[in-house]
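Peer 1: Below are the sequence and a predicted model; questions follow.
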Amino acid sequence: MQATLETTERPANTLTAAPIKFERFQAAQEAELQARIIAAKKKLGNRLVILGHHYQQESVYRHADYTGDSLKLSRFAAETDAEYIVFLGVHFMAEVADILSRPEQISILPDLSAGCSMADMANLAKVERSRRELAKVLDFDATITPITYINSAADLKAFCGEHGGIVCTSTNATKIIEWGFRQREKVLFFPDQNLGRWSGYKMGIPLEQMPVWDPDLPMGGLTEAQIKNAKILLWKGHCAVHQMFREQNITRFRAEHPDGIVISHPESPFEVCLNSDYVGSTEYILKTVSEAPAGTRWLVGTELNLVNRLAEQMKPQGKIVQFMSHVICECSTMARIDPQHLAWTLENLAEGNVVNRIKVPEHEAELARLTLQRMLDAS
């Protein structure tokens, strides 16, 4: 069950103007939208905090009070005192903000259609069915630690909380899998197989002990022997953006620029990670390139908005930052958070109307909070 509240709310005992309809913003020009966002943000003052993920387009990213990857923004969500938390990201990020913030705080996603295709590749029904099938071979709760990537719905985080599991991000995945092995001998890692495989590989786990579990096939498409031999069961899921990168992109770059350096996100295919000089989260990519010597050339395998922003920032240092793929790899669901939706959201808040609130049911939130806290403690 996904947590959404699409209707407009008004705080109790508060007189407000009528809710502002989104249609009034659709035909507005960019300059007007930017001015309206700034004015509404100023009116709300410290009652508002805007959190922006690195993959957001510049037209809204510029308004974020804090920017970062999923782990960094999770920490901001847990620490802010603002009344309203507006998330420039996707659905699961706003859910995390709601889970980690105080009950009186309100988490908002400017466009409810901003989801995550990777997160959609694992749902609670499939995970529960997989648990039942695995229980035919071994004692699930005694043998397997479920680990969900933060790119997942709140009910999957709650599932992990209920079954002794934990959440990870691309920053801490290896450390979290190590935590999982301290609890039990095996790990079920979902929904991104690429992150799980690369993290396990760095730990020295043979590829044959990290088989792919296909939830749409009986017993995940595996034999009983493969399940018993596995250390990490990798859910058949991936990021549509990072899946576009190819080993030949790196081969071509190295042929043209022998001194060039390749850095990739661990959601990329295994062959891409294996042939990269550096592999890490978005925060790691930004830090590594920023701290590199002037005049270096980089091939970067991650989302286009982040790469373009980084390329501009590095120009004064004579660094050349190049996007890995010839195919445009923008996160299309992130792009749904546009100036029209942000202006509409903030102007409604300034008038006392809450739109697109994200509220996780309390029974899910309690379990999800447990597993997120395990992650924050472990990382």
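Peer 2: Looks like it came in fine.
Peer 1: Give me the distance from stretch 58-65 to the chain's centre.
Peer 2: Here the centre of stretch 58-65 is set off from its chain's centre by 17 Å, with C-alpha atoms, centre = their mean, to the nearest Å.
Peer 1: Now do the buried residues in it.
Peer 2: 59-61, 63-64 (16 or more other C-beta atoms under 10 Å). Every C-beta, even on glycine, is put in place using the N, C-alpha and C of the backbone.
Peer 1: what about the nearest residue to residue 183 once chain neighbours are set aside, neighbour count?
Peer 2: Leaving aside its chain neighbours, residue 183 sits nearest to residue 145 (4.8 Å; criterion: C-beta to C-beta, 6 or more residues apart in numbering). Applying other C-beta atoms under 10 Å, we find 24 residues neighbouring residue 145.
Peer 1: So what are the sheet partners of the one helix or strand residue 145 maps to and their directions?
Peer 2: For residue 145, the host element (DSSP states H and E) is strand 144-149. Here strand 144-149 is paired, per DSSP bridges, with strand 166-168 (parallel), strand 186-190 (parallel).
Peer 1: What lies in contact with it?
Peer 2: Outside strand 144-149, the residues that touch it by C-beta atoms under 8 Å, 6 or more residues apart in numbering are 118, 122, 127, 131, 134, 138, 156-157, 159-160, 163-170, 173, 176-177, 179-181, 183-184, 186-192, 195-196, 233, 371.
Peer 1: just to revisit the earlier point, quick one: the residue nearest to residue 183 from residue 238, how far?
Peer 2: Residue 145 sits 22 Å away from residue 238, going by C-beta to C-beta, to the nearest Å.
Peer 1: and residue 89, what does it touch?
Peer 2: Residue 89 neighbours (C-beta under 8 Å, 6+ apart): 51-53, 55-56, 73, 109, 114, 334, 337.
Peer 1: Out of these, grab the one that's most surrounded.
Peer 2: residue 109 (30 neighbours).
Peer 1: so is residue 18 in a helix, a strand, or just coil?
Peer 2: Three-state call for residue 18 (DSSP: H, G, I helix; E, B strand; the rest coil): coil.
Peer 1: how close does it get to residue 348?
Peer 2: 10 Å.
Peer 1: likewise residue 253?
Peer 2: Relative to residue 348, and taking C-beta to C-beta, residue 253 is found at 46 Å.
Peer 1: again with residue 132
Peer 2: Applying C-beta to C-beta to residue 132 and residue 348 gives a distance of 44 Å.
Peer 1: out of the two, which sits in the busier spot?
Peer 2: Neighbours per residue, other C-beta under 10 Å: of residue 132 and residue 348, the larger number sits with residue 348, 24 against 9.
Peer 1: Could you pull out the buried residues of the helix or strand hosting the more buried one?
Peer 2: Assessed by DSSP H and E, residue 348 sits inside helix 339-350. Buried residues in helix 339-350, counted by 16+ other C-beta under 10 Å: 339-350.
Peer 1: Columns pLDDT and distance to residue 30 on top of those, output as a markdown table?
Peer 2: Below are the buried residues of helix 339-350 laid out as a markdown table (pLDDT from 0 to 100; distance: C-beta to C-beta, whole Å):
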| residue | pLDDT | distance to residue 30 |
| --- | --- | --- |
| 339 | 95 | 7 |
| 340 | 96 | 10 |
| 341 | 95 | 14 |
| 342 | 97 | 12 |
| 343 | 97 | 11 |
| 344 | 96 | 15 |
| 345 | 97 | 17 |
| 346 | 97 | 16 |
| 347 | 96 | 16 |
| 348 | 96 | 20 |
| 349 | 96 | 21 |
| 350 | 95 | 20 |
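Peer 1: and which of those is nearest residue 307?
Peer 2: Nearest to residue 307 among the buried residues of helix 339-350: residue 339, at 21.4 Å, using C-beta to C-beta.
Peer 1: Identify the residues contacting that closest one.
Peer 2: 30, 33-34, 37, 59-60.
Peer 1: which one among those residues gets closest to residue 354?
Peer 2: residue 37 (17.3 Å).
Peer 1: Distance check, that closest one against residue 204.
Peer 2: Counting by C-beta to C-beta, the gap from residue 37 to residue 204 is 49 Å.
Peer 1: who has more neighbours, the two?
Peer 2: A direct count of neighbours by other C-beta under 10 Å for residue 37 and residue 204 places residue 37 higher, at 23 against 6.
Peer 1: Wait, residue 365 touches residue 154, no?
Peer 2: Yes: between residue 365 and residue 154 there is a contact under C-beta atoms under 8 Å: 7.0 Å.
Peer 1: Now the common contact residues for these two.
Peer 2: In contact with both residue 365 and residue 154: residue 99, using C-beta under 8 Å, 6+ apart.
Peer 1: When the two are compared, which one has more neighbours?
Peer 2: residue 154 (27 against 22).
Peer 1: just so I have it, where are all the strands in the stretch 251-379 of the chain?
Peer 2: Taking DSSP state E, counting those that start in this stretch as the criterion, the stretch 251-379 of the chain carries its strands at 261-264, 278-279, 297-301, 320-323.
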